[in-house]
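Novice: predicted structure and sequence below. I'll ask about it afterward.
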Amino acid sequence: MASLLAVLAVMVNAQWADFHVIPQPQQVAVTTGARPFVLDRSVEVVTSVADESMQRNAQFLRQYVAQTSGITLSGGGRRCIVLRCDLTDRNPEAYCLRVTCDTVEINGASSAGVFHGLNTLRKALPAGVWQRVALPCGAVYDYPRFAYRGAHLDVCRHFFTVDEVKTFIDMLALHGINNFHWHLTDDQGWRIEIKRYPRLTQVGAWRDSTVIGRNSGRWNKERHGGFYTQEEAREVVRYAAERHINVIPEIEMPGHTQAVLASYPELGCTGGPYGVWTCWGVTPKVLCPGNDDTFTFIRNVLNEVMDVFPSPIIGIGGDECPKDRWRVCSKCQARIRKEGLTAQGGISPEAQLQGLITHFASEVITARGRAPMGWDEILECDVPQQAVVLSWRGQEGAVDGARRGNRVILSPTSHMYFDYYQSRDTEREPYAFGGYIPVQKVYDFEAVPESLSPEQAELVMGCQANLWTEYIETFSHVQYMELPRMAALCETQWTMPERKDYSSFLSRLPRLLAHYRLLGYNYARHVCE
Ligand code: TNX
C-alpha cells in the first residue's frame, strides 16, 4: 500500500522523461496509464556481457544520468537498467529500448547501438537536479538512416586545443554523429606532428600575423598557431572511439599547402621563400608535382598519418588547387611530357597532373586497406574507384561521383556550411563567411539527390556539416555556429524523411537546449525568438 502511494506520488509530482528526442527515433510506443519506471539512485546498471566496450557504455550511462539529472545511480534497490548486445538487426547501429515498471532494457545490435540507446535515454531526461524521474513504459526501436553521419572542424585557420576538440567530440556524441572529419592541414597552419618532417610543426604550425576580417589589407600582428603531437592525436582517436566516433584525418594536397612550402620550400615550383599564409582564400603556392620529392613526401606523411589514425577513410583534400605555377614550371612540364599527359576531353594536362597526385595518394592509402576521401574537385579527372567524394559545390559532385560508381557524401555549401550566417540580421552576428543557413534550412536538407537511380542512391553514405574557422577564433564561437544547427543536422542524418517534421522538431528542441545549458555549451538563440 505504502509503495503504491509512493508510486502515485511520483506519477503526480515527478519529472517525466520523454522519448521523443532529437534525432527523432524511428519508432516510439508509449503505454499510457501504465506504472512508470522510477529512476532514482537505487537503480542499478548491469551489463549482460563483460566486455570492455559494454562496461564503458555502463559507465557512460551512469555519468550521463548524473550529469543531466543529478541522480547518482548506485544500485541497492530492485529496479535496474540492463545493457545487452544481442539484438538482431540488419543495421549494426540499431537498438531497442524497453521500459517496464521495474526494468529498462537497452539492447543493441552492437556496442555502438547500445551507446545510441543510452544517449536516447539521457536526452529523454529533463535536464536539472532531481531526486527521481519517471520513465513512461513502452519501447523505442531505432536505427540511423545513414551509416555516415559527419561533422568537420577546421583547426588550421584557428587552432583549438585537445580539450576543446574533445568537447567537440562530446557534442557529436550527444547528436549521434559518428564521423569526425578533422581538417588538420591548410595554408595557414599545419597541425599534426610528422616525425620525418619536423619542420611541418616547427615552422608550418605558426604564422606571424593574421589578416583582419576578409583580407582587409590590415593585419593583427599576433603570432598564432599550435599543433597536436601524435600522442595527443592518438588520445583524441581513443576518446572518440570510446564514444563510437571515427576520426578522419585530412591532409590537404596538392593545394592548400602553403604551410608545407613554408617548412620545405623545395616542394614548391619556385623553391620559395614561402611563409605560412596570413590571408584567407585560395593561394597559387601549391605542391610541385614535377618534383619526385613531393611524391615521397605524400607517401611518408600519409603512412605516418595512417599509423596514428585507424580510420577506414583518410582525407586527401584536393579542393581549390590553382594550376598557374604548374603551367610555367619546367619540372611540372617535364613531368607532363614524361607521363605523356595531353589535353583530352576538356581536361588540361595540368588537371591531369593533379589526377596523378590523387591516384598516387590513393594507392598509398588503399595499399593499407583504407579508402581516400577528397572534395569534389577530384572528379575533374579520372578518379580512383575506392575514392569517397565529398560534394561541396552543390550536389553535382555527388551525382557525378555516384554515376561513376564512387561512394559519396553530401556537404553542399547551400545547406551544410556552418561557417555561414544563421540570421539575416548580420549586423548583430559575429562576423561570418557570408551566406545564410538558418536551422530550418539545415533541417530541410535531403541528402539523396533525386536524380540518382536506386542503385546509385546506395552509394550515398550520408551527409556532413563543415565548420571552416577563418573568422572563428574561440571555441565558444565554434559552439555558437554549431548549435543548434547540429541538432537539425543530426535529424537529417538519422531520421527517415517521412518521420521528419520541422514543427515537431521545434517542439522537441527546448529539452535539448536545456541539456546544452547544463553542459555549458554556447548556442545560438534565433530559433527561440
Ligand atoms: C572553401 S569547402 C574551402 C575552404 C574555405 C571555405 C569557406 C572547401 C573544400 N574549401 O578552404 O575555408 O570555402 O567556406
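Specialist: Received, thanks.

Novice: in the stretch 1-150 of the chain, where is pLDDT below threshold?
Specialist: 1-13 (pLDDT under 70).

Novice: ok and the residue in it nearest the ligand?
Specialist: Ranked by Cβ to the nearest ligand atom, the top residue of the stretch 1-150 of the chain for proximity to the ligand is residue 150, at 13.5 Å. Quick note: C-beta positions are derived from backbone N, CA and C, even for glycine.

Novice: is it correct that that residue falls within a strand?
Specialist: Yes - the assignment for residue 150 is a strand, going by DSSP: H, G, I helix; E, B strand; the rest coil.

Novice: excluding its backbone neighbours, what's nearest it?
Specialist: residue 464 (3.1 Å; Cβ to Cβ, 6 or more residues apart in numbering).

Novice: with residue 322 instead?
Specialist: Per Cβ to Cβ, 6+ apart, closest to residue 322 is residue 284, 4.5 Å.

Novice: could you measure from the residue in the stretch 401-529 of the chain positioned nearest to the ligand over to residue 21?
Specialist: Per Cβ to the nearest ligand atom, residue 468 is where the stretch 401-529 of the chain lies closest to the ligand, at 3.3 Å. Here residue 468 is placed at a distance of 29 Å from residue 21 (Cβ to Cβ, to the nearest Å).

Novice: spell out which parts of the chain neighbour the ligand.
Specialist: Remark: the part of the chain in contact with the ligand comprises 319-320, 375, 392, 417, 419, 433, 468, 470, using Cβ under 6 Å from any ligand atom.

Novice: only the buried subset of these, as a PyMOL command please.
Specialist: Per 16 or more other Cβ atoms under 10 Å, the buried members of the residues of the chain next to the ligand correspond to this PyMOL selection:
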select buried, resi 319+375+392+417+419+433+468+470
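
Novice: wait, what's in contact with the nearest residue to residue 396 once chain neighbours are set aside?
Specialist: Distance criterion Cβ to Cβ, 6+ apart; nearest residue to residue 396, sequence neighbours excluded, is residue 376 at 7.4 Å. Residue 376 sits next to 319, 389-393, 396-398, 400-401 when contact means Cβ atoms under 8 Å, 6 or more residues apart in numbering.

Novice: please repeat the previous calculation with a cut-off of 6 Å.
Specialist: Applying Cβ atoms under 6 Å, 6 or more residues apart in numbering to residue 376 gives the contacts 389, 391-393, 397.

Novice: most widely separated two among these?
Specialist: The span of the contacts of residue 376, defined through Cβ to Cβ, is set by 389 and 393 at 11.3 Å.

Novice: more crowded one of these two?
Specialist: With neighbours defined as other Cβ atoms under 10 Å, residue 389 and residue 393 compare such that residue 389 has more, 28 against 14.

Novice: my guess is the more buried one contacts residue 403. True?
Specialist: No - Residue 389 is beyond contact range of residue 403, at 10.8 Å (criterion: Cβ atoms under 6 Å).

Novice: now the strands for the stretch 101-250 of the chain?
Specialist: Using DSSP state E, counting those that start in this stretch, the strands of the stretch 101-250 of the chain run over residues 103-108, 133-135, 138-142, 148-154, 179-183, 185-186, 189-190, 206-207, 224-225, 246-253.

Novice: now the spatially most central residue of the chain, which residues is it bridged with?
Specialist: When Cα atoms, centre = their mean is applied to the chain, the residue found nearest the centroid is residue 151 (2.1 Å). Beta-bridge pairing for residue 151 (DSSP bridges): residue 180, residue 465.

Novice: please tell me how far it sits from residue 178.
Specialist: Counting by Cβ to Cβ - residue 151 and residue 178 are separated by 10 Å.

Novice: do residue 249 as well
Specialist: 16 Å.
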